[in-house]
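S.K.: I'd like to go over a predicted model; first the sequence, then the structure.
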Amino acid sequence: MSNNHETERRKQLARQHAKMMEMLNSATTNSTTDTSDQLEQTQTFAEKLRTELQTQLEYNEQLWTEKRIAQRYNEHLKKTIDEHQDLLKMLKQLTEEDDPSDD
């Protein structure tokens, strides 16, 4: 996943979080003068917002974990490629040394 995509995703999550918190604060403020039914609806809505926020935070953590795993795997692949390149160079040198057409 590219850094731009990750940055955009983090910005999107931050905007969603800000919007949810604004809605939650607004709902909490408005609930003080509402009827008990409206208060219950507000509390239900607030709980849904908290649940959604928690889900988004868990998803964000999952993305970071996947990114770290992918980076470690990428480092491993680079190391393996470098090792194989070294082996290929040695084989080429050995082949050139053993090549009878050079004589």
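M.R.: Thanks, I have the structure now. Numbering: from 1, shown residues only.

S.K.: give me the below-cutoff pLDDT ranges for this structure.
M.R.: Applying pLDDT under 70 to the chain flags residues 1, 27-34, 100-103.

S.K.: run the chain-centre distance for stretch 15-30.
M.R.: 25 Å (Cα atoms, centre = their mean, to the nearest Å).

S.K.: would you mind writing the CA trace of that stretch as CSV?
M.R.: The C-alpha trace of stretch 15-30 is given here as CSV (Å, rounded to 0.1, in the frame of the first residue of the first chain):
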residue,chain,number,x,y,z
ARG,A,15,-12.3,13.3,9.4
GLN,A,16,-14.7,10.5,10.3
HIS,A,17,-13.6,10.6,13.9
ALA,A,18,-14.0,14.4,14.1
LYS,A,19,-17.4,14.2,12.5
MET,A,20,-18.5,11.4,14.9
MET,A,21,-17.2,13.4,17.9
GLU,A,22,-19.0,16.5,16.7
MET,A,23,-22.2,14.5,16.3
LEU,A,24,-21.7,12.9,19.7
ASN,A,25,-21.1,16.2,21.4
SER,A,26,-24.1,17.7,19.6
ALA,A,27,-26.3,14.8,20.6
THR,A,28,-25.1,14.9,24.2
THR,A,29,-25.7,18.7,24.4
ASN,A,30,-29.1,18.4,22.9
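
S.K.: contacts for it next, please.
M.R.: For stretch 15-30, contacts defined as Cβ atoms under 8 Å, 6 or more residues apart in numbering pick out 42, 45-46, 49-50, 52-53, 56. In this view, the C-beta of every residue, glycine as well, is placed from N, C-alpha and C.

S.K.: ok, 10 Å please
M.R.: If you take Cβ atoms under 10 Å, 6 or more residues apart in numbering as the criterion, stretch 15-30 is touched by 34, 38-39, 41-50, 52-53, 56-57, 60.

S.K.: can you tell me how far residue 99 sits from residue 92?
M.R.: Remark: distance between residue 99 and residue 92 (Cβ to Cβ, to the nearest Å) = 10 Å.

S.K.: identify the residue nearest residue 57 in space, chain neighbours excluded?
M.R.: Nearest residue to residue 57 in three dimensions, chain neighbours excluded: residue 13, at 7.9 Å (Cβ to Cβ, 6 or more residues apart in numbering).

S.K.: alright, calling it a day.
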